[in-house]
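Asks: sequence plus predicted model, see below.
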Amino acid sequence: MAGFFDRYATDRNLEEEGTWVDYGDGLKVQVRRLNSKASRDYRRRIEKPYSGQFRGREMPEAIQEELLNKQIANVIVVAWEGVPNPADKKKFLDCTPENVLRMITDFPDFRDDILTAAMEKSTFQKADLEVQEKN
């Protein structure tokens, strides 16, 4: 039985409040789980204007991509450290939705890393793993 819980149990607080992911070289991003309540609620809110327009049809990929980027920028990324300013690489960017959107648009691999972390259950099991390691 313990194997099941070790494999699938996550920390709901980390999913909702966010947990830090260390990408090395001083770059850290605090992410919420993609399936968190805050994320789902935000996604429903930003899709609402399109509900009548695409009723019974799939929303175009370009719009889905735009909405996902907004979701990442406004809800998934909670905070970050060490994100350099492209205009002055000696300075760091503040974590604002506008800056997040710009960086994930300009650097799609950065976006994919964030999205992967937000979807992986292991990202939100850290508290359990740290406790197990101490025992």
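Replies: On my side now, so go ahead.
Asks: how long is stretch 51-69 from one end to the other?
Replies: 18 Å (Cα to Cα, to the nearest Å).
Asks: show me what it is in contact with.
Replies: 43, 46-47, 50, 101, 104-105, 111, 115 (Cβ atoms under 8 Å, 6 or more residues apart in numbering). No exception for glycine: its C-beta is placed from N, CA and C like everyone else's.
Asks: now stretch 111-124
Replies: 8, 10-11, 14-15, 19, 21, 23, 29, 31-35, 39, 68-69, 72, 76-77, 104-105.
Asks: each with direction, which strands does the helix or strand harbouring residue 23 pair with?
Replies: Remark: residue 23 resides in strand 19-24, with elements defined by DSSP states H and E. Strand 19-24 has the following strand partners under DSSP bridges: strand 27-31 (antiparallel).
Asks: list the buried residues in the strand it pairs with.
Replies: 27, 29-31 (16 or more other Cβ atoms under 10 Å).
Asks: give the rounded mean pLDDT of it.
Replies: For strand 27-31, mean pLDDT is 98.
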